[in-house]
Each structure stands twice: as structure tokens, then as C-alpha cells.
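Participant: Structure, please.
(one chain, ligands or ions: 2)
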Amino acid sequence: MALVLENVSKLYGDTVALDRTSFALNCGIYGLLGPNGAGKTTLMRIMTDLLAPSTGRVLLDGQDISALGGEFRKRLGYLPQDFGVYPNFTAEQFLLYIGRLKGLSKFEAKRQTDELLHLVGLEKKQRKKLGSFSGGERQRVGIVQALLGDPDVLILDEPTAGLDPEERIRFRGILSGLSQQRLVLLSTHIVSDLEAVANEIILLKNGVVLKRETPFELLRTLEGAVWTVRVPAGEEAVLTGAYLCSNVMHRDGKSVLRLISGRKPHPDAAPVTPNMEDMYLKYLGKQEI
Ligand SMILES: Nc1ncnc2c1ncn2[C@@H]1O[C@H](COP(=O)(O)OP(=O)(O)OP(=O)(O)O)[C@@H](O)[C@H]1O
Ligand SMILES: [Mg+2]
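Facilitator: Residues are numbered from 1 along each chain as shown. Ligands and ions are numbered 1, 2, ... in the order given. Coordinates of the predicted model:
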């Protein structure tokens, strides 16, 4: 399977939300990482054929998704960022309804609803109204509706927003349990969501794809460029003004800084192993140093 973006741009008035983006995705789990306003939702809505691009096109196995129409939608699972629910529906009613819209038989919609609610730990809430669900519970219903119909293209816009740490871990387990025979694209600005599960990470900033690498390769680009140093509190500002700083801790009147720099930032600085937060800051952070 190949989902290909060819020269896709999106303009909202003067705002360039997406700037001539081209890439190809095959089976596997891809993370779309970028700060607020980077263009993640815009890109995903174009890839689900909900939003028409200003230029370019999206092809699934060589065919334009807008021409495929219903045929594409049958293969697609989508969790929008602002997943709205019907407050007076029970979880089961809502999911049966979505299942039927996706073309499942009544029997199959019920079977999958039961199985998936169990998978996300909501089996006890099956007959409760969605209006009474917490934010994280609603989000899990959103994940279930995206998985209904066993789609081979899964596009999830911030699926872990609002999930507590335990539910994030459960979600990562669900993702890794999905068959590798499908294409999963998930957006987030939480790097730990991707490190363990994403085969590749796409870095998006200001509507432009900056990089596309495996998590391992991304971390490797920072090898030898992350440092820790303990300085008197008074020296902190000089260093954080001159270097990217991914962490500050205050201990016994001293500051322990984590700095990103191609050269040793301080005579007492010691190199440390880069992590994904360092990577985020270097490529996607606001600060330009
Ligand atoms: N309907 C719209 N009308 C005008 N501008 C828009 C519209 N939707 C998005 N934008 C602008 O396009 C840019 C990209 O927005 P988008 O929602 O795609 O970003 P995002 O990466 O999903 O951000 P977030 O992390 O906050 O969800 C932003 O500058 C945003 O203000
Ligand atoms: Mg968004």
C-alpha cells in the first residue's frame, strides 16, 4: 500500500498552513510531530479527503483519494482532533451507528464494538451516555470509532490528548498490537508517545516537513551535542541565553542545566545521552539560537 502526497499546499487567506509537501507512506506506524499551528491537522484533514488542498493531490495506490470517494473512506479510520460526540447516545449506540455507517452488518458492528470497548477498557461503560464520560473516556471512544471496520489506513489526530499516563501506555500497546499490514499516521506534540511505537517520525514546522527519520536516527543526529552542567544560580541566565536549554533544576543554590550545543558550552559541562525532548527542542523549538 502507498499513500502519496504530491506537492500539497494549503492556504487560508494569507496563512500558508502547508507548503508544497510531498512524501510517500507505506505500511507501518508514522508519527507526525510538530508544535501548535505547524499544520498537522490541516495535513491530516487533506489526507482524509475532508479538506481540499490548494495545490497538489493525495494518491492511494496511484489513485486520487478524492476520485476514490467512498471506496477510500471504507478503508479509512479517522480520529479528528476535536472529536465531538452525541451526548445522549450511549457508547454502544454511538459505535453501532458509526459501524453501520462504515458498512458493517448489525452483527459485525456489535461484535467489533464489544471487542474494541474491551480493548480500551470501557466495557463497563458500554451502556452509559457519552455526555457523562470524562475527557479521556470520550477520547477512547474516539479511538474505538476510528478502529471500527478494521481500516487499513488509520489517521489519528492527537489520539493521546487527555489520556492519563496509564491510558497512554495502554494506547501504545493497542498501536503496537495492530497488524503491520496497515498504515497508521498519528499526530502529537508529546514525544514520548512516539519513541516506542513509531517506525518513522515526520517533523513538521510552519507547514514544512523538516525531517523524516526513525526515532533512532533522529536521536543519533544529537549524539555529542547534549550536555549537563552545574553552575552557581547567578550564571544560569548567561548559559540559557546562549544555548538551547532542555531542562533546568535548582539544587542547593546551584542550577543544573541540560544544554544542546555542537561544542562544549562550559568548561565543566559533561556530555549526556540525547533524548527525544532534546530532539524536539532542537528541531521544533521556538527559540532560534
Ligand atoms: N479554518 C482555518 N482558517 C484559517 N486559518 C486556519 C484554519 N485552520 C488552521 N488555520 C491556520 O493554519 C495553521 C495550521 O493549523 P493546524 O490546525 O493545521 O495546526 P496543528 O499543527 O494541527 O496545531 P495544533 O497542535 O494546535 O493542533 C495555523 O496557523 C492555523 O492558525
Ligand atoms: Mg491540530
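
Participant: ok, the residue of the stretch 151-289 of the chain found nearest ligand 1 - contacts?
Facilitator: Nearest to ligand 1 in the stretch 151-289 of the chain, going by C-beta to the nearest ligand atom, is His189, at a distance of 5.8 Å. Every C-beta, even on glycine, is put in place using the N, C-alpha and C of the backbone. By C-beta atoms under 8 Å, 6 or more residues apart in numbering, the residues touching His189 are Leu33, Gly34, Pro35, Asn36, Glu158, Tyr280.

Participant: what helix or strand is Val8 on?
Facilitator: In the assignment (DSSP states H and E), Val8 maps to strand 3-12.

Participant: related to what we said a few turns ago, in helices, which of the contacts of His189 appear?
Facilitator: Tyr280 (DSSP state H).

Participant: which among the contacts of His189 are in contact with ligand 1?
Facilitator: Contacts with ligand 1 are made by Gly34, Asn36 out of the contacts of His189, judged by C-beta under 6 Å from any ligand atom.

Participant: Counting neighbours, which of the contacts of His189 comes out on top?
Facilitator: The residue in the contacts of His189 with the most neighbours, by other C-beta atoms under 10 Å, is Leu33 (28 neighbours).

Participant: Tell me if I'm right that it and Glu200 touch.
Facilitator: No. Counting by C-beta atoms under 8 Å, Leu33 does not reach Glu200; the two are 10.6 Å apart.

Participant: Relative to ligand 2, which of the contacts of His189 is nearest.
Facilitator: Among these, Glu158 lies closest to ligand 2 (C-beta to the ion), at 6.4 Å.

Participant: Quick check, that closest one in contact with Asp193.
Facilitator: No. The pair Glu158 / Asp193 is not scored as a contact, 9.2 Å apart, by C-beta under 8 Å.

Participant: Need the residues touching each of these two.
Facilitator: Leu186.

Participant: Which residues are in contact with the nearest residue to Arg45 once chain neighbours are set aside?
Facilitator: Distances taken as C-beta to C-beta, 6 or more residues apart in numbering place Leu51 nearest to Arg45, at 3.9 Å, with adjacent residues excluded. If you count contacts by C-beta under 8 Å, 6+ apart, Leu51 has them with Lys10, Thr42, Arg45.

Participant: What about Asn26, how many residues nearby?
Facilitator: 12.

Participant: which ones are touching it?
Facilitator: Counting by C-beta under 8 Å, 6+ apart, Asn26 touches Met1, Ala2, Leu3, Leu183.

Participant: Can you flag the buried ones in these?
Facilitator: Listed as buried from these are Leu3, Leu183; burial here means 16 or more other C-beta atoms under 10 Å.

Participant: For stretch 161-170, list the C-alpha coordinates in PDB.
Facilitator: Taking Å, rounded to 0.1, in the frame of the first residue of the first chain, the C-alpha atoms of stretch 161-170 are listed here in PDB:
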ATOM      1  CA  ALA A 161      -4.700  14.100  24.200                       C
ATOM      2  CA  GLY A 162      -6.400  13.900  27.600                       C
ATOM      3  CA  LEU A 163      -5.300  10.400  28.400                       C
ATOM      4  CA  ASP A 164      -3.600   9.800  31.700                       C
ATOM      5  CA  PRO A 165      -0.200   8.000  31.800                       C
ATOM      6  CA  GLU A 166      -1.700   4.600  32.300                       C
ATOM      7  CA  GLU A 167      -4.100   5.000  29.400                       C
ATOM      8  CA  ARG A 168      -1.300   6.400  27.200                       C
ATOM      9  CA  ILE A 169       0.600   3.200  27.900                       C
ATOM     10  CA  ARG A 170      -2.400   1.100  27.000                       C
END
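
Participant: Can you report phi and psi for Phe72?
Facilitator: Main-chain torsions, Phe72, degrees, to the nearest 10: phi -70, psi -50.

Participant: Identify the residue nearest it in space, chain neighbours excluded?
Facilitator: Ile65 (4.7 Å).

Participant: which stretches of the protein form strands?
Facilitator: Here the chain has its strands, by DSSP state E, at 3-12, 15-25, 28-33, 55-60, 63-64, 76-79, 153-157, 183-188, 200-205, 208-213, 226-232, 244-251, 254-260, 270-271.

Participant: now the ones you listed as TSV including mean pLDDT?
Facilitator: TSV is the format used below for these (pLDDT from 0 to 100):
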stretch	mean pLDDT
strand 3-12	98
strand 15-25	97
strand 28-33	96
strand 55-60	98
strand 63-64	97
strand 76-79	96
strand 153-157	97
strand 183-188	95
strand 200-205	97
strand 208-213	97
strand 226-232	97
strand 244-251	94
strand 254-260	96
strand 270-271	98
